[in-house]
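Chemist: fold the stuff below for me.
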Amino acid sequence: SGDEGAESSDWAKPVEENPIRPGTILVANPKRFCETSAGAGSEDNRSLFRIALGEGSTSPSPSLLAKFGLTRPPPKSLGPDRQADLLPVVVIVEADERSGVNGVLLNRRTGYLLGDLEQPPPEDSASADNMPPILEKFCIQPLWFGGVDNISTGLDMLHLCPTVEDATQITEDGMFWGGDPAQAQIAMEDPSLDRIYSGFDFKFFVQSTIWAMGDLKKELKDEVWFPAEVSKNVLFKSRDRMGTKKAMPLWTEIMQLMGGKYEEIKEIFYADGYAETED
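Modeler: Numbering: from 1, shown residues only. Model (predicted):
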């Protein structure tokens with residue numbers, strides 16, 4: 001069935017060797033982003049949380065939080081799903097020993113759609129009302145917040161369409177970075193493509209997250225991140241919280257799919273004062 005096909009294409013696995021490369025997903029270690037001392041929940045749950053994530057109470061680094069637009073650790077009062085939504089998940093899109101590492105946050109929406117960015121033409125244009133938007137096929141796509149670093153102007157694009165010009169393939173299963181959004185509207189209708197592509201095969205970002213190579217190496221050594229390979233199906237899944245069959249947060253699904261200690265950390269994170277709400 002289609003559901004079985006979707007499930008078989010939902011996968012994530014830890015990266016053991018050479019994690020700093022395009023396509024690697026950096027999944028936040030909650031110990032580094034959340035308060036792990038006292039809090040809601042039973043003493044047993046709090047003890048389990050500390051044992052799983054490291055002994056002792058911790059307070060996240062303000063500079064680390066600020067790097068991802070957070071002014072404070074995600075509070076438990078939000079509930080585990082919303083708290084998990086605020087744990088950064090970053091895809092590395094460029095990595096170079098000299099120029100450093102560039103990535104974009106995958107789970108932080110700006111609240112805008114691409115159509116919101118379209119500026120009307122000058123009022124003296126008689127045909128203004130009849131002009132289609134410049135990016136007509138992408139109007140209803142969310143605009144994502146890639147990070148706090150402003151190293152590029154305009155929109156950056158992560159997508160699944162192999163016919164987009166000047167794009168770089170960054171994963172074996174066919175995820176691409178770069179290209180011109182206007183040209184992409186033409187490329188997605190190329191007759192050589194194996195399926196029909198839509199705006200939902202594209203993600204658009206403003207700003208990004210950058211590291212010096214040595215800084216990210218240190219963060220990985222300190223287990224700020226769990227590096228992973230994640231299927232494009234998981235990364236491009238719609239996670240709008242509507243209806244009864246809502247998708248779980250991206251952080252949660254990746255940790256669950258990686259299994260083992262990662263799934264255990266996810267389960268303890270959810271159990272630390274909150275019952276699982278998943279069906």
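Chemist: shaky segments in the stretch 51-200 of the chain?
Modeler: 51-58, 118-133 (pLDDT under 70).
Chemist: tell me the buried residues in stretch 69-88?
Modeler: Of all the residues in stretch 69-88, those buried under the rule 16 or more other C-beta atoms under 10 Å are 70, 73, 74, 76, 80, 81, 83, 84, 85, 86, 87, 88. In short, each C-beta sits where N, CA and C put it, glycine included.
Chemist: and it, how far apart are its ends?
Modeler: 10 Å (C-alpha to C-alpha, to the nearest Å).
Chemist: contacting residues around that stretch?
Modeler: Applying C-beta atoms under 8 Å, 6 or more residues apart in numbering, the set of residues contacting stretch 69-88 from outside is 26-28, 30, 33-35, 39-40, 59-60, 65, 68, 105, 107-108, 145, 147-148, 248-252, 269-270, 272-274, 277.
Chemist: where do the helices of the stretch 51-200 of the chain begin and end?
Modeler: 62-67, 80-85, 181-187 (DSSP state H, counting those that start in this stretch).
Chemist: what does the first one rub up against?
Modeler: By that I understand helix 62-67. Contacts for helix 62-67 (C-beta under 8 Å, 6+ apart): 32, 33, 71, 72, 73, 147, 148, 209, 224.
Chemist: which one is residue 13 nearest to, not counting chain neighbours?
Modeler: With sequence-adjacent residues excluded and distances taken as C-beta to C-beta, 6 or more residues apart in numbering, residue 13 is closest to residue 229, at 5.4 Å.
Chemist: restricting to C-alpha, output the helix or strand containing the one you found in CSV.
Modeler: Using DSSP states H and E, residue 229 sits within strand 225-230. What follows is strand 225-230, C-alpha atoms only, in CSV (Å, rounded to 0.1, in the frame of the first residue of the first chain):
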residue,chain,number,x,y,z
TRP,A,225,24.6,17.2,18.4
PHE,A,226,23.7,13.7,17.3
PRO,A,227,24.8,13.6,13.7
ALA,A,228,22.5,11.6,11.4
GLU,A,229,21.6,10.6,7.9
VAL,A,230,17.8,11.1,7.4
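Chemist: what lines up beside it in the sheet?
Modeler: strand 12-14 (antiparallel), strand 25-28 (antiparallel) (DSSP bridges).
Chemist: can you get me a residue count around residue 186?
Modeler: Residues lying near residue 186 (other C-beta atoms under 10 Å) number 13.
Chemist: for the one 5 residues further on, same thing?
Modeler: By other C-beta under 10 Å, 5 other residues sit near residue 191.
Chemist: please report the distance of it from residue 164.
Modeler: Distance, residue 191 to residue 164, using C-beta to C-beta, to the nearest Å: 15 Å.
Chemist: hang on, the earlier thing: can you list the strands paired with strand 225-230 in CSV and add mean pLDDT and distance to residue 134?
Modeler: Shown next, in CSV, are the strands paired with strand 225-230 (pLDDT from 0 to 100; distance: least, C-beta to C-beta, whole Å):
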stretch, mean pLDDT, distance to residue 134
strand 12-14, 98, 36
strand 25-28, 98, 31
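Chemist: which one of these is the most hemmed in?
Modeler: strand 25-28 (a mean of 25; mean count of other C-beta atoms under 10 Å).
Chemist: helix or strand: which one has the closest residue to residue 9 other than its chain neighbours?
Modeler: Closest residue to residue 9 apart from its sequence neighbours, by C-beta to C-beta, 6+ apart: residue 233 at 4.2 Å. For residue 233, the element it lies in under DSSP H and E is helix 232-235.
Chemist: no further queries at this time; thank you.
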